[in-house]
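Trainee: Need coordinates for the below:
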Amino acid sequence: MKVTQHIENANGKPLFSFEILPPLKGQNIQFIYDGIDPLMEFNPPFIDVTYHREEYEYKELPNGLLQKKIVKKRPGTVGICAGIQNKYNVDAIPHILCGGFTKEDTENLLIDLDFLGIDNVVALRGDALKTETYFHPEKEGNAYASELVTQISNLNKGIYLDEDLKNTAKTNFCIGVAGYPEKHMEAPSLDSDIHFLKQKIKNGADYIITQMFFDNKKFFEFVDKCRAAGITVPIIPGLKPIATKKQLNLIPHRFSLELPDDLIMEVVKAKDNDEVKQIGIEWCIAQSKELVKAGIPVLHYYSMGKAANIKAIAKEVF
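Mentor: Numbers count the residues shown, from 1 in each chain. Below is the predicted model:
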């Protein structure tokens with residue numbers, strides 16, 4: 001079922017969903033199930049699965065020269081989605097990236113997903129490689145998420161890359177895209193970021209999931225700006241409980257967002273990370289309850305495969 005249908009069918013009841021990432025290469029899918037099982041009591045209608053593109057590593061050879069090697073540390077997104085749908089009978093939503101894919105690769109991936117009965121995808125540009133300062137698209141690939149949305153939307157209309165194909169089957173993907181309440185790190189302003197977000201909706205996106213935020217005021221202002229710009233699709237807030245003192249520096253740097261002073265000071269005063277984890281849980285519970293009270297249809301949690309803190313939050317909210 002499509003995400004938009006899940007929201008409609010809920011009749012105003014808030015839905016719980018979460019996101020996982022594939023295990024490191026060498027681990028099996030039970031690692032994923034162990035992170036999902038404790039959260040199934042909250043009846044998630046869908047679970048997102050991230051995609052991780054290739055990375056470049058340099059290995060020193062015996063002669064002292066460096067050999068460039070392409071590695072993919074977290075493969076398995078499509079297989080995990082199939083496993084989730086089979087085991088739990090809930091919708092699995094794979095993330096699809098521009099980076100690392102030609103348009104032909106993307107089309108073939110979408111065909112596989114369609115054959116597996118996957119109804120939803122999240123279209124993302126993806127990050128730059130660690131060896132790049134800025135994102136560089138694959139040759140013959142999509143450069144922007146808006147272009148990726150167009151390609152998926154075209155396939156929904158039966159338009160394939162090979163124009164000579166006749167009597168083509170149409171896919172029926174519900175398309176999610178990312179939104180940034182505190183703007184994308186590369187955007188010059190929030191207004192300009194929303195301008196390009198609106199283009200993704202115009203190209204065929206059906207709903208928005210936001211990057212994490214820790215101040216609900218930022219989210220509400222973002223929603224107001226989106227509505228004023230003519231964006232009417234559902235906007236799903238993304239939430240993550242802070243769990244370690246290190247994240248005070250890591251999260252603002254990595255995701256280009258602000259942490260509220262009250263949260264910062266609580267974490268600074270904490271004796272250890274166990275105390276920080278509890279602070280993060282309580283802060284996220286308060287955020288969640290306020291969002292539910294405001295009538296937000298779905299709360300989406302970034303679990304990173306760790307269920308304990310998300311379960312503690314969900315117990316108090318759903």
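
Trainee: rest of the way, CA atoms for contacts and neighbours
Mentor: OK.

Trainee: Just say helix, strand or coil for E258.
Mentor: Following DSSP: H, G, I helix; E, B strand; the rest coil, we place E258 in the coil state.

Trainee: swap in K73?
Mentor: With three-state DSSP as the basis, K73 sits in coil.

Trainee: With the one 5 residues further on instead?
Mentor: Three-state secondary structure (criterion: three-state DSSP) places V78 in helix.

Trainee: Next: K59.
Mentor: strand.

Trainee: Please verify my assumption that it contacts Q67.
Mentor: Yes. The pair K59 and Q67 passes the contact test of C-alpha atoms under 8 Å, sitting 5.1 Å apart.

Trainee: so who does G204 touch?
Mentor: G204 is in contact with 149-150, 153, 175, counting by C-alpha atoms under 8 Å, 6 or more residues apart in numbering.

Trainee: you'd agree it is in a helix?
Mentor: No. Using three-state DSSP, the secondary structure at G204 is coil, not a helix.

Trainee: Do you know the pLDDT at it?
Mentor: What the model reports for G204 is a pLDDT of 98.

Trainee: For V122, see how far away it is.
Mentor: For G204, the distance to V122 equals 12 Å [C-alpha to C-alpha, to the nearest Å].

Trainee: on that earlier part again, nearest to F31, of the contacts of G204?
Mentor: Nearest to F31, judged by C-alpha to C-alpha, of the contacts of G204 is I175 at 27.5 Å.

Trainee: hey, where'd the strands end up in this structure?
Mentor: For the chain, the strands defined by DSSP state E cover 15-20, 46-49, 55-60, 66-71, 91-97, 120-124, 174-179, 207-212, 235-239, 298-302.

Trainee: Can you lay out those strands as TSV showing distance to I310?
Mentor: Formatted as TSV, the strands of the chain follow (distance: least, C-alpha to C-alpha, whole Å):
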stretch	distance to I310
strand 15-20	9
strand 46-49	13
strand 55-60	29
strand 66-71	31
strand 91-97	18
strand 120-124	22
strand 174-179	21
strand 207-212	14
strand 235-239	10
strand 298-302	7
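
Trainee: could the ones you listed go into a markdown table alongside mean pLDDT?
Mentor: Below are the strands of the chain laid out as a markdown table (pLDDT from 0 to 100):
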| stretch | mean pLDDT |
| --- | --- |
| strand 15-20 | 97 |
| strand 46-49 | 98 |
| strand 55-60 | 70 |
| strand 66-71 | 71 |
| strand 91-97 | 97 |
| strand 120-124 | 97 |
| strand 174-179 | 98 |
| strand 207-212 | 98 |
| strand 235-239 | 98 |
| strand 298-302 | 98 |
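
Trainee: Kindly reformat those strands as JSON lines containing mean neighbour count and distance to I32.
Mentor: Output for these, formatted as JSON lines (neighbours: other C-alpha atoms under 10 Å; distance: least, C-alpha to C-alpha, whole Å):
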{"stretch": "strand 15-20", "mean neighbour count": "22", "distance to I32": "8"}
{"stretch": "strand 46-49", "mean neighbour count": "24", "distance to I32": "10"}
{"stretch": "strand 55-60", "mean neighbour count": "13", "distance to I32": "22"}
{"stretch": "strand 66-71", "mean neighbour count": "12", "distance to I32": "21"}
{"stretch": "strand 91-97", "mean neighbour count": "25", "distance to I32": "13"}
{"stretch": "strand 120-124", "mean neighbour count": "24", "distance to I32": "19"}
{"stretch": "strand 174-179", "mean neighbour count": "24", "distance to I32": "23"}
{"stretch": "strand 207-212", "mean neighbour count": "21", "distance to I32": "22"}
{"stretch": "strand 235-239", "mean neighbour count": "24", "distance to I32": "20"}
{"stretch": "strand 298-302", "mean neighbour count": "23", "distance to I32": "14"}
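
Trainee: for these, which one sits closest to Q287?
Mentor: Between the strands of the chain, strand 235-239 lies closest to Q287; by C-alpha to C-alpha that is 8.5 Å.
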